[in-house]
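# make a model of this:
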Amino acid sequence: MTSPPLPEWAPHEAVWIGFPSDPELWLADLKEAEREVAAFAQAIHAGGRGEEVRLVAAHEDAAASARALAPFATVIVEPFGDIWLRDTAPIVFGSGKGRLAKGFGFNGWGGKYELDGDESIGERLAKAASLPYAKADWILEGGAIEHDGSGTVVTTEQCLLNPNRNRSMAREDIEAALGRDLGFERVVWLGEGLANDHTDGHVDNLARFVAPGRVAIPTPAKDDPNEAVYRDAARRLRATRLDVVTLPSPGRIAGADGDLIPASYMNFYIGNAAVVVPQYGAPNDRAAVDVVQALFPDRVAIGLRADHILTGGGSFHCISQQVPA
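Residues are numbered from 1 along each chain as shown. Okay, here's the model as predicted:
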């Protein structure tokens with residue numbers, strides 16, 4: 001049977017980070033998003049104490065910006081549609097010489113954003129890293145699953161049971177595929193994800209493992225648009241044997257057009273030296289970093305603004321995929 005991938009807090013050799021590359025997608029946010037991504041990369045690199053940063057740019061113009069903003073990083077030029085490598089890069093299993101990069105089908109989050117290059121970027125990144133590659137025959141995005149390396153995975157019904165991904169697969173089929181291709185022995189189902197999340201409720205905005213058997217979820221802020229979602233997740237998780245801890249929620253965050261956007265402190269990235277927590281200029285920004293610091297005492301918790309990355313629909317965890325050491 002397949003062994004599950006290592007948890008995110010296991011040692012990394014490197015991290016792939018998507019670098020904003022398409023002016024037509026990012027519009028006026030492009031340059032600020034570039035700077036936010038570079039600041040994230042610098043925090044993860046930690047002056048060489050963290051891990052190798054591999055910035056992935058879609059073309060040479062973007063690569064030039066990446067090199068100027070992040071001279072410490074390795075810049076890889078490979079065509080892709082957009083930067084959400086958590087969903088399109090491969091999941092790397094094992095460690096040392098036994099590593100295997102595994103890919104899955106990708107259809108633009110249920111056909112909403114089908115962009116050239118996203119379907120094949122995972123295989124090309126694996127090849128560039130000299131990692132053997134295998135591909136499963138069903139659709140799965142990395143941000144849709146959260147695990148602790150022990151065989152337990154948390155996901156949402158809204159995403160994995162959505163007919164816009166794997167129409168012919170029922171719940172039991174999805175559970176069987178998670179066991180066969182990822183080594184998960186136990187699936188914990190949450191319900192809905194965050195409001196207005198175009199990924200159809202990715203779990204990495206809602207629930208994150210922070211240690212074996214310990215999962216963090218948000219606690220609602222005042223007038224929180226996701227209060228019902230958070231309370232349902234808490235109820236479901238507390239019915240399991242998992243240890244549940246809470247982080248604050250940023251509450252209601254709106255874009256420039258006034259529409260609600262899926263801002264979440266849960267979209268942090270766990271690096272070798274630092275845990276980077278997205279910040280939105282909300283009252284709970286500092287408190288969220290303080291809680292993450294207490295959860296990861298062997299790393300430095302760093303809060304960085306992610307407002308412009310979020311205009312594309314995600315944050316630091318969404319744009320990154322770790323490569324185990």
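# these two touch, right, Glu146 and Val153?
Yes. Counting by C-beta atoms under 8 Å, Val153 is a contact partner of Glu146 at 6.9 Å. For glycine as for every other residue, the C-beta is placed from the backbone atoms N, C-alpha and C.
# Ala134 - that's part of a helix, no?
No. Counting by DSSP: H, G, I helix; E, B strand; the rest coil, Ala134 is not part of a helix but strand.
# is it bridged to anything, and to what?
In this entry, Ala134 is beta-bridged to Lys102, by DSSP bridges.
# isn't it right up against Phe93?
No. At 9.4 Å, Ala134 does not count as touching Phe93 under the criterion of C-beta under 8 Å.
# neighbour count for these two, which is higher?
Set Ala134 next to Phe93 and count neighbours by other C-beta atoms under 10 Å: Phe93 wins out with 20 against 13.
# from what I see, the more buried one and Leu131 are in contact.
No. When contacts are counted by C-beta under 8 Å, Phe93 is not listed as touching Leu131 (9.7 Å).
# overlap in contacts of the two?
Contact criterion C-beta atoms under 8 Å, 6 or more residues apart in numbering; residues shared by Phe93 and Leu131: 99-101.
# where in the stretch 1-150 of the chain is pLDDT low?
Scanning the stretch 1-150 of the chain for pLDDT under 70 picks out the ranges 1.
# now do the helices in it.
Taking DSSP state H, counting those that start in this stretch as the test, the helices found in the stretch 1-150 of the chain are 23-26, 30-45, 60-69, 85-88, 108-111, 121-128.
# take the ones you listed and lay them out in TSV including mean neighbour count and distance to Gly201.
TSV is the format used below for these (neighbours: other C-beta atoms under 10 Å; distance: least, C-beta to C-beta, whole Å):
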stretch	mean neighbour count	distance to Gly201
helix 23-26	14	22
helix 30-45	22	23
helix 60-69	17	30
helix 85-88	26	13
helix 108-111	18	11
helix 121-128	20	22
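# now those helices in CSV, with distance to Ala256?
Converted to CSV, the helices of the stretch 1-150 of the chain look like this (distance: least, C-beta to C-beta, whole Å):
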stretch, distance to Ala256
helix 23-26, 13
helix 30-45, 12
helix 60-69, 23
helix 85-88, 25
helix 108-111, 22
helix 121-128, 29
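# those helices: which one's closest to Tyr269?
The closest of those to Tyr269 is helix 30-45. By C-beta to C-beta, the value is 6.8 Å.
# what angle do the closest one and helix 60-69 make?
50 degrees (axes from the mean of the first three to the mean of the last three C-alpha atoms, to 10 degrees).
# picking that back up, which one, of the helices of the stretch 1-150 of the chain, ends up nearest to Ala263?
When the helices of the stretch 1-150 of the chain are compared for distance to Ala263 using C-beta to C-beta, the nearest one is helix 30-45, at 13.7 Å.
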